[in-house]
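1. From the sequence below, what's the structure:
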Amino acid sequence: MKCLPFAAALLLVPAVAFASGDDLFAQKLGIQIGDFLVVMVPLIIVLIPVVRRSLVKKHEDVKASLDAARAEYEACSARLKAAEEQLSRVTEQMESIKDSFRTLAETERKALETEAMVTAEKLRKEADMRINHAGLMVRAELADEVVSQALAMVEKRLVDRHLPGVSEDAINQITGEGR
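-> As a prediction, this is how the structure comes out:
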């Protein structure tokens, strides 16, 4: 309705052209302008509100899309922040677990070292005991051999001197085998 005064002013142009008199060009031009205005003014009057409503609707749609995009962006930002916090907590937990594994590994290593040292000490003591036992056995065998050879020598000397031999009971008594 704001364009009604403007449309009325434009309709005055053909009226002025008819009023100009005998000039045929001016009259034709006035008729053409009038025809144009007769078609265009109602068209403009009808189209302006339709276009305005369409533009307002388009503006509202774009505004709604922007608002939805902002809301989605804020939601995504909130989810991203939550995910980053969760990732930070997971990273801290992983570091804690790594530290506990390191501590456990160090403790296990020390325990294994201690156990190895204890086992090595036991093996050394057992080896010493076996060596001592073997030494004692060798000494006993050597002593038996020395006694046997001594008796053999005594017996040989007795035989060489033609002395009566030593009885079995005496030998057993000396060697301790009869007990």
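
2. pLDDT weak spots in this structure?
-> Screening the chain residue by residue with the criterion pLDDT under 70, one finds the ranges 1-23, 162-166, 177-179.

3. can you pull out the helices in it?
-> When assigned using DSSP state H, the helices of the chain occupy the ranges 4-19, 24-160, 168-175.

4. can you put those helices in TSV and add mean neighbour count?
-> In this view, the C-beta of every residue, glycine as well, is placed from N, C-alpha and C. Compiled in TSV, those are given as follows (neighbours: other C-beta atoms under 10 Å):
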stretch	mean neighbour count
helix 4-19	13
helix 24-160	11
helix 168-175	12
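
5. Look up how far residue 57 lies from residue 64.
-> Look at residue 64 and residue 57: by C-beta to C-beta, to the nearest Å, they are 10 Å apart.

6. quick one: common contacting residues for the two?
-> None of the residues lies in contact with both residue 64 and residue 57 under the rule C-beta atoms under 8 Å, 6 or more residues apart in numbering.

7. Please give me every residue in contact with residue 142.
-> Residues in contact with residue 142, defined by C-beta under 8 Å, 6+ apart, are absent; none qualify.

8. now it: how far from residue 149?
-> 10 Å.

9. now swap in residue 53 and tell me
-> Plainly put, residue 53 is 137 Å away from residue 149 if you go by C-beta to C-beta.

10. Could you do residue 32 as well?
-> Relative to residue 149, residue 32 is positioned 160 Å away (criterion: C-beta to C-beta).

11. With residue 64 instead?
-> 122 Å.

12. Then residue 48?
-> To residue 149, residue 48 is 144 Å away according to C-beta to C-beta.

13. repeat for residue 63
-> When distance is defined by C-beta to C-beta, residue 63 is 124 Å away from residue 149.

14. and if you look at residue 84?
-> Separation of residue 84 from residue 149 (C-beta to C-beta): 94 Å.

15. Chain neighbours aside, what residue packs nearest to residue 175?
-> residue 147 (6.2 Å; C-beta to C-beta, 6 or more residues apart in numbering).

16. The one you found and residue 44: what is the separation?
-> Counting by C-beta to C-beta, the gap between residue 147 and residue 44 amounts to 147 Å.

17. go on, residue 126?
-> When distances are taken as C-beta to C-beta, residue 126 and residue 44 turn out to be 117 Å apart.
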